[in-house]
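> kindly return the folded structure for what I paste below:
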Amino acid sequence: MNLNYWSGGSPVSMGEILDARESRAAIQKEMLKRNPGCLVCLTLNIPGPVKTFPFVRWLYEVGKGKLLETAELLSPSCKHAADQKLPGCMQEFREVKENTGYECFASLDLDPQAVKAALTHLEETHPVGRLFDFDVLRPDGTKVSRQELGYPQRTCLLCGSPAFLCGRSRRHSARELLERELFLMERFFTERMSVHLGLLMQKALLYEVNTFLKPGLVDHVHNGAHQDMCAATFVKSAYALTPYFTDSARLGLTWKGNPDDLPGLFAALRRRGIQAEAEMFSATGGVNTHKGVIFSGGILCCALGCLLSRENLLTSKGTLEDFSRLPAMVKSLLADQWANPLPAAAAPDSKASCTHGEALYLSHGIGGIRREAAAGFPSVFEKGFPLFVSCLKQDFSLNQAGCLTLLSYISFLEDTNLYTRAGYEKGRDIQRQLATFLSSRGPKEQLQILPELDAYFTEHHISPGGSADMLALTYFLYFLSEKPCCFF
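Numbering: from 1, shown residues only. Predicted coordinates:
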């Protein structure tokens, strides 16, 4: 990740830090006076003059979430207060977000020692727990110490000695400590975000195969135009490919090169994609379920990871709603790969050795998924995804929105699967007729054509697999905008 961005911020003076400590003590005293019980104060252990930067804001949300989770687990009723998303045992909650640091205060109707024990365990076991500082105060304002609960003193992040001794003797510089903390934060957020993106792509694949009714395609009710696969085959494939999508995101998140180095990143992704293809065939018994998505989904996960590694695009909820910069990142990733949609392997004078997609390019100039990806997936970002969101806003279900979006993709996409199975001229004629129909009918009438279109596609062994792949990417973008990352 770009640590210059993720660790950059405005320095604060020692006077400001001391003022923040006095303000913290005043808040604690005030809250204990109103609710004389157990008071928890969360601060972050950030050395040096810069106390607030993008990594810290993520880190604070993790700590706050763990505090709320702990309070709920310890609450006898395990219910939330009616007026806010807080545990029922919480009498008051307050946050301070200043340049001097992020902190929060929680008045709990719980036993202070039980709370301290739970939070100390969290400090010792969580991947970034060493960076949390949970102070637990009794009604009289005294702190519950780790030692009285049988826990050892906190140790130094660098040498393992008692932390207070290293701090008092200044054995390590603030820069050394910060570099170690940045390593912990980067590793934690990279792994959580990689898994998050991988699981969302898995979810997108599962939603795509379960969308019903998809003309000529496999779903949970029928196998469409296919004899060698069913919904279970796609489910096996989706699970088998999840580590690949996670790895693709991780490749992007851990990339530290310059924009000119992006072809090298794609080369690494391509090597992982070849391995993923073998994993897919192993899971499906040799059936090609997701070869197209291995290509397009891997690129999207990698590009998204690369973009997130350079700047924080997440909302305060931990979701991603602004996709405007993602197409440009995709295009940069592929800039040196397909200036021409024809792969180097497909020589113009040797059609015999071409794949179906390459043959279509040579005979009709069809770039297919290669051209779509090289252009930054405009069919998805400019047409499919906006249509999908518009359908949801009109109160259509996810399944209905998926079917309507799929029909749109079938009508205009350079779908090499459709052209290969139907023949190019027939496939284009199907698209023209469907586009004319869609332009003259409303969404409800469009949905009514699905059984007839499915019957025709199934009878003539037509399967618009490329359109199904774009539907999966559409679901992926939707889940990105709806599902928070698991570190929030």
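> pLDDT-wise, which helix or strand of the protein ranks last?
Least confident helix or strand, the chain: helix 356-364 with a mean of 76, by mean pLDDT, DSSP states H and E.
> with just CA atoms, put the helix or strand following it into PDB.
Secondary structure here is assigned by DSSP states H and E; on that basis, the next helix or strand after helix 356-364 toward the C-terminus is helix 368-374. Below are the C-alpha coordinates for helix 368-374, written out as PDB (Å, rounded to 0.1, in the frame of the first residue of the first chain):
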ATOM      1  CA  GLY A 368     -15.200  -9.600 -26.800                       C
ATOM      2  CA  ILE A 369     -14.200  -9.500 -23.200                       C
ATOM      3  CA  ARG A 370     -10.600  -8.500 -24.100                       C
ATOM      4  CA  ARG A 371     -11.700  -5.300 -25.600                       C
ATOM      5  CA  GLU A 372     -14.300  -4.700 -22.900                       C
ATOM      6  CA  ALA A 373     -11.700  -5.100 -20.200                       C
ATOM      7  CA  ALA A 374      -9.100  -3.000 -22.000                       C
END
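> which secondary structure elements does helix 368-374 sit against?
Applying 3 or more Cβ pairs under 8 Å, 6 or more residues apart in numbering; DSSP states H and E, we find helix 368-374 packed against helix 291-310, helix 356-364, helix 465-482. Every residue, glycine included, has its C-beta placed from N, CA and C.
> tell me which other helices or strands the second one touches.
Helix 356-364 sits against helix 368-374, helix 416-422, helix 424-440, with contacts defined as 3+ Cβ pairs under 8 Å, 6+ apart.
> same thing with the last one?
Of the remaining helices and strands, those touching helix 465-482 by 3+ Cβ pairs under 8 Å, 6+ apart are helix 174-210, helix 291-310, helix 368-374, helix 385-393, helix 398-412, helix 416-422.
> return the residues in contact with Leu313.
Remark: with contacts taken as Cβ atoms under 8 Å, 6 or more residues apart in numbering, Leu313 is in contact with Leu307, Leu320, Asp322, Arg325.
> rerun that using 7 Å as the cut-off
Leu307, Leu320, Asp322 (Cβ atoms under 7 Å, 6 or more residues apart in numbering).
> pretty sure the second one sits against Leu480.
Yes. Assessed by Cβ atoms under 7 Å, Leu320 is found in contact with Leu480 at 4.6 Å.
> before we move on, the earlier item: would CSV of the helices and strands packed on helix 465-482 with distance to Pro451 and mean neighbour count be doable?
Conversion of the helices and strands packed on helix 465-482 to CSV gives the following (distance: least, Cβ to Cβ, whole Å; neighbours: other Cβ atoms under 10 Å):
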stretch, distance to Pro451, mean neighbour count
helix 174-210, 18, 20
helix 291-310, 26, 25
helix 368-374, 28, 22
helix 385-393, 19, 17
helix 398-412, 11, 22
helix 416-422, 19, 24
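> let's have the helices and strands packed on helix 356-364 in a markdown table, adding distance to Val287 and mean pLDDT.
Formatted as a markdown table, the helices and strands packed on helix 356-364 follow (distance: least, Cβ to Cβ, whole Å; pLDDT from 0 to 100):
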| stretch | distance to Val287 | mean pLDDT |
| --- | --- | --- |
| helix 368-374 | 19 | 91 |
| helix 416-422 | 14 | 93 |
| helix 424-440 | 23 | 97 |
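> what's the closest of the ones you listed to Ala468?
Proximity to Ala468, assessed across the helices and strands packed on helix 356-364 by Cβ to Cβ, is greatest for helix 416-422 (8.3 Å).
> doesn't Gln43 fall inside a strand?
I think there's a mix-up here, since residue 43 is Thr and not Gln. Yes. With DSSP: H, G, I helix; E, B strand; the rest coil as the criterion, Thr43 is part of a strand.
> and it, what's its pLDDT?
Each residue has a pLDDT score; the one for Thr43 is 98.
> number of residues surrounding it?
Counted by other Cβ atoms under 10 Å, the residues lying close to Thr43 total 20.
> what bridges to it?
Asp133 (DSSP bridges).
> of all the helices and strands packed on helix 368-374, which one is nearest Arg428?
When these are ranked by distance to Arg428, counting by Cβ to Cβ, first place goes to helix 356-364 at 8.8 Å.
> CA atoms only for the closest one - export them in PDB, please.
Coordinates of each C-alpha in helix 356-364 appear next as PDB, following Å, rounded to 0.1, in the frame of the first residue of the first chain:
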ATOM      1  CA  HIS A 356     -13.500 -19.000 -30.800                       C
ATOM      2  CA  GLY A 357     -13.000 -15.400 -29.600                       C
ATOM      3  CA  GLU A 358      -9.900 -14.900 -31.600                       C
ATOM      4  CA  ALA A 359     -11.600 -16.300 -34.700                       C
ATOM      5  CA  LEU A 360     -14.500 -13.900 -34.200                       C
ATOM      6  CA  TYR A 361     -12.000 -11.000 -34.100                       C
ATOM      7  CA  LEU A 362     -10.300 -12.100 -37.200                       C
ATOM      8  CA  SER A 363     -13.500 -12.600 -39.200                       C
ATOM      9  CA  HIS A 364     -15.800  -9.800 -37.700                       C
END
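> mind listing what's buried along it?
Gly357, Glu358, Ala359, Leu360, Tyr361, Leu362 (16 or more other Cβ atoms under 10 Å).
> that one vs helix 291-310, what angle?
Here helix 356-364 runs at 100 degrees with respect to helix 291-310, directions being taken by axes from the mean of the first three to the mean of the last three Cα atoms, to 10 degrees.
> what's the angle from helix 356-364 to helix 424-440?
90 degrees.
> how much space between Lys426 and Cys403?
According to Cβ to Cβ, to the nearest Å, Lys426 stands 23 Å off from Cys403.
> any weak-confidence spans in the stretch 201-350 of the chain?
Within the stretch 201-350 of the chain, the segments meeting pLDDT under 70 span 337-350.
> that one: helices as residue ranges?
Using DSSP state H, counting those that start in this stretch, the helices of the stretch 201-350 of the chain run over 231-253, 262-284, 291-310, 326-333.
> most tightly packed of these?
Compared across the helices of the stretch 201-350 of the chain, helix 291-310 shows the largest average neighbour count, a mean of 25 (mean count of other Cβ atoms under 10 Å).
> pull the CA atoms of that one into PDB?
Taking only C-alpha atoms (Å, rounded to 0.1, in the frame of the first residue of the first chain), the coordinates of helix 291-310 have been written out as PDB:
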ATOM      1  CA  LYS A 291     -13.300 -19.000 -17.300                       C
ATOM      2  CA  GLY A 292     -14.500 -15.600 -18.400                       C
ATOM      3  CA  VAL A 293     -15.000 -14.400 -14.800                       C
ATOM      4  CA  ILE A 294     -11.500 -15.600 -13.900                       C
ATOM      5  CA  PHE A 295     -10.300 -13.100 -16.400                       C
ATOM      6  CA  SER A 296     -12.700 -10.200 -15.800                       C
ATOM      7  CA  GLY A 297     -13.300 -10.700 -12.100                       C
ATOM      8  CA  GLY A 298      -9.600 -11.100 -11.300                       C
ATOM      9  CA  ILE A 299      -8.800  -7.900 -13.100                       C
ATOM     10  CA  LEU A 300     -11.600  -6.000 -11.300                       C
ATOM     11  CA  CYS A 301     -10.500  -7.300  -7.900                       C
ATOM     12  CA  CYS A 302      -6.800  -6.500  -8.600                       C
ATOM     13  CA  ALA A 303      -7.600  -3.000 -10.000                       C
ATOM     14  CA  LEU A 304      -9.800  -2.200  -7.000                       C
ATOM     15  CA  GLY A 305      -7.200  -3.400  -4.600                       C
ATOM     16  CA  CYS A 306      -4.600  -1.200  -6.400                       C
ATOM     17  CA  LEU A 307      -6.900   1.800  -6.200                       C
ATOM     18  CA  LEU A 308      -7.600   1.300  -2.500                       C
ATOM     19  CA  SER A 309      -3.900   0.900  -1.800                       C
ATOM     20  CA  ARG A 310      -3.400   4.500  -3.100                       C
END
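> perfect, I'm done here.
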